[in-house]
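In: need a structure here:
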Amino acid sequence: MRVIDHLPLRALLVLTTLLLPLGLTLPLAPRAVAAPDAAPVRIMPLGDSITGSPGCWRALLWNRLQDAGHTDIDFVGTLPGQGCGMAHDGDNEGHGGELVTNVADRDLLPARLAATRPDIVVMHFGTNDVWSSIPPDRILAAYTKLVTQMRTANPDTRLLVARIIPMNPAGCTGCAQRVVDFNARIPGWAAETSTTRSPVTVVDQWTGFDTATDTYDGVHPDDAGNEKIAARWYPALADVLEQGVPGDPGDPGDPGDPGDPGDNATCTASFLAGSTWPGGYQAEVTVRNTSAAALTGWTVTVAPADGARLTQVWGGTLGTADDGTVTVTDAGWNGTLDPGASASFGFIASTPATFGAPAATVDCTAAAAS
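Out: Numbering: from 1, shown residues only. Predicted coordinates:
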């Protein structure tokens, strides 16, 4: 763990030596401290330059997790942080220019896993492969090999995998559409790859991300883009942390845990705002199976704030309950969820002239497998 990744250790030691005789100490940025009876949860940010060079969304995500009370975490990787001007745990596995297919073909990941031992992997990977016109089938085969290697190192690995951000660099007229085509395949791959013990969660980094305003070169995020990426990772990662990882105190899967849901299917829903415009906004809701039983369907009640009204839904069926509450029911193909698995739907809401920031109260009701 490196919380201060922009001030050399030697400089800290020299300054401390000079100040101690004067009865002064050097104030350091706060470092996350794990509970004394539990090892910190080890989180590996995995990818290419979007993740690691300098990958300032990681700094934003780290600090947001800290502010929310998730202090028992450790970002891990064989690479150190590269600045970003704020204190954070900079360790990562984001190698600039790297192709996920090359990592798989050359078996580069096992040694990195052995050195870092992650519990959770946060992966945004494949941009360079898409740029290089590598077919989605081959990229997803590389994904599968990496997941197999993760599970060999740790059978309980939790994976958050991104639908990668858009790309529209100068000189690559086909890149934008190739990202769309690749991203369309990721949810299906994740559903096939996810297991009860080692769930795979898709995090949509593509929707609402604009290469014209959120990147500085059509590929790499600028400050606005980093904010959006961190905001998308946060609810999914916080959800996994709140569920607990095997071996952690309070792990919901521990035998005898009084909070063990047993055979009762339960789910949660989380709201994430996307793009906004005068008179409306776009948002996404993630549904997660938080029980030990499989779900055969789910229904989410949605109560938008400040008079907003849902006008369009994808990935679900829009309806109205008897009391007038707006509901969204699964679309069928995304209704069956194994324990720990998740699905999402998006919607567009219209807003009145006095509307503030996008917000909504969402609540999930699950149907258990018979």
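
In: name the nearest residue to the residue minimising distance to the centre of the chain, ignoring sequence neighbours.
Out: In the chain, the residue lying closest to the centroid (C-alpha atoms, centre = their mean) is Trp233, at 3.0 Å. Spatial nearest neighbour of Trp233, excluding adjacent residues (C-beta to C-beta, 6 or more residues apart in numbering): Leu61 at 5.4 Å. For glycine as for every other residue, the C-beta is placed from the backbone atoms N, C-alpha and C.

In: from memory that neighbour sits against Ala230, does it?
Out: Yes. Counting by C-beta atoms under 8 Å, Leu61 does reach Ala230; the two are 4.3 Å apart.

In: between the two, which is the more surrounded one?
Out: Shown here are Leu61 and Ala230; by other C-beta atoms under 10 Å, Leu61 has more neighbours (25 against 21).

In: tell me the secondary structure for the more buried one?
Out: Three-state assignment for Leu61 (DSSP: H, G, I helix; E, B strand; the rest coil): helix.

In: which strand or helix spans Gln149?
Out: Element membership of Gln149, judged by DSSP states H and E, is helix 136-153.

In: by contact count, what packs against that helix?
Out: helix 100-105, helix 109-116, helix 127-131, strand 158-163, helix 175-193 (3 or more C-beta pairs under 8 Å, 6 or more residues apart in numbering; DSSP states H and E).

In: and the ones you listed, which is most packed in?
Out: Stretch with highest mean neighbour count among these: strand 158-163 (a mean of 25; mean count of other C-beta atoms under 10 Å).

In: just the buried positions in the helix holding Gln149, please.
Out: For helix 136-153, the neighbour count (16 or more other C-beta atoms under 10 Å) marks Pro136, Ile139, Leu140, Ala142, Tyr143, Lys145, Leu146, Val147, Gln149, Met150, Arg151, Ala153 as buried.

In: OK, contacts around the closest residue to the last one other than its chain neighbours?
Out: Read that as Ala153. In space, not counting the residues next to it along the chain, Ala153 is nearest to Leu113; the distance is 4.1 Å by C-beta to C-beta, 6+ apart. Each residue near Leu113 by C-beta atoms under 8 Å, 6 or more residues apart in numbering is listed here: Gln149, Met150, Ala153, Asn154.

In: same question, Cys364
Out: By C-beta under 8 Å, 6+ apart, the neighbours of Cys364 are Cys267, Thr268, Ala269, Val287, Trp298, Thr299, Val300.

In: given the helix or strand hosting it, what are its sheet partners and their directions?
Out: Element membership for Cys364 (DSSP H and E) is strand 360-368. Strand 360-368 has its sheet partners listed here by DSSP bridges as strand 295-304 (antiparallel).

In: how about residues contacting the partner strand?
Out: Applying C-beta under 8 Å, 6+ apart, the contact partners of strand 295-304 are 265, 267, 269, 285, 287, 289, 310, 316, 321, 325-330, 335-337, 343, 345, 347, 349, 358-370.

In: for that strand, what is the average pLDDT?
Out: The pLDDT scores in strand 295-304 average 91.

In: and stretch 180-197, by the same measure?
Out: The pLDDT scores in stretch 180-197 average 94.

In: what's it in contact with?
Out: 126, 130, 136, 139-140, 143-144, 147, 155-156, 161, 163-164, 200-202, 206, 334, 338-341.

In: still on that earlier bit, which among the contacts of Leu113 gets closest to Asp222?
Out: Asp222 lies nearest to Met150 out of the contacts of Leu113, by C-beta to C-beta, at 30.7 Å.

In: for the closest one, give me its contacts.
Out: Counted by C-beta under 8 Å, 6+ apart, Met150 has contacts Leu109, Leu113, Pro118, Val121, Thr157, Leu159, Ser198.

In: pretty sure the fourth one sits against Met44.
Out: Looking back up the chat, that one is Val121. Yes. Using C-beta under 8 Å, Val121 is in contact with Met44, at 4.9 Å.

In: for this protein, just list every one of the strands.
Out: Taking DSSP state E as the test, the strands found in the chain are 41-47, 73-75, 93-94, 120-124, 158-163, 200-204, 267-277, 280-289, 295-304, 309-314, 316-320, 326-330, 342-350, 360-368.

In: of those strands, which is nearest Gly83?
Out: Taking the strands of the chain one by one with C-beta to C-beta, strand 93-94 is closest: 13.3 Å.
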